[in-house]
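Trainee: coordinates for the following, if possible.
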Amino acid sequence: MNNLAVDIPKQAHKADPKLANAWKTKAGRDLTEAELLAMPDSEYMNEKQLDFFRAKLQVLKDDLLSNAGETTEHLREDTSIVPDPADRATIEEEHALELRTRDRERKLLKKISQSLARIDAGDYGFCDETGEPIGLGRLIARPTATLSLEAQQRRELKQKMFGD
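Mentor: Below you'll find the predicted structure:
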C-alpha cells in the first residue's frame with residue numbers, strides 16, 4: 001500500500017481581511033476551510049481550530065459507522081442461493097470488495113478515535129516525530145495526520161528503501 005504524503009501548498013499571502021477576522025465571531029465548527037486558513041499563524045491549534053477539527057472528525061466517524069451498518073444489512077440481504085456459477089462468483093467478489101473496503105474504514109475509525117483523543121490531550125496538530133506544527137492545509141486534507149509533510153516523506157522514503 002502506497003501512502004502518499006498529502007499537503008495543500010501554503011498560501012502566498014493571507015486571504016481577504018473579511019476572512020481573516022471571521023473566526024473571531026464564529027464557533028469553530030462553523031468556520032469554513034478558507035476562514036480557517038486565513039487565521040493568523042499565532043492562533044495555530046487554538047480552541048476554535050480544535051473545535052473545527054473535532055467536528056470534522058466526528059462527522060467522518062459518524063459517516064463510517066453508518067456505512068458499516070449498511071454493509072451488514074447488504075450482506076444479509078444477498079445470502080440467497082444463485083444457481084449460475086458466474087453470477088455467484090460476481091456476488092462473492094462484490095462481497096469481498098465490500099469487506100476489504102470496510103476493513104480499511106475500520107482502520108480509519110481507529111485513527112479518527114486516536115485523533116479525537118489527541119485533541120483532548122492537547123497534542124493534535126503537532127508532528128509525532130519533530131513536535132513541529134503539521135499545518136492547517138495538511139490537516140484539512142488528512143485530519144488524521146500525525147506527521148508533518150517532511151516527516152511523512154522521510155518515513156515513506158525509508159519504507160521504499162528498506163521495506164515495511
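Trainee: contacts, neighbours, all on C-alpha from now
Mentor: Fine.
Trainee: so how many other residues sit close to the residue lying closest to Met45 once chain neighbours are set aside?
Mentor: In space, and not counting its chain neighbours, Met45 is closest to Gly125: 6.7 Å by CA to CA, 6 or more residues apart in numbering. Using other CA atoms under 10 Å, Gly125 has 28 neighbouring residues.
Trainee: what do you get for the one 4 residues further on?
Mentor: As a burial measure, the neighbour count of Glu129 was computed by other CA under 10 Å and equals 11.
Trainee: report the buried residues of the longest helix along the chain.
Mentor: Secondary structure of the chain per DSSP state H: the longest helix is helix 85-121. Along helix 85-121, these residues count as buried under the neighbour rule (16 or more other CA atoms under 10 Å): 91, 95, 98-99, 102, 105-106, 108-109, 111-112, 115-116, 118-119.
Trainee: again with stretch 58-75
Mentor: Neighbour-count burial for stretch 58-75 [16+ other CA under 10 Å]: 60-61, 64, 68, 71.
Trainee: one more: stretch 144-159?
Mentor: 144-149, 151-153, 156.
Trainee: and the residues you listed, which of them are in helices?
Mentor: If you go by DSSP H, those have 149, 151-153, 156 in helices.
Trainee: I'm done for today, thanks for sticking with me.
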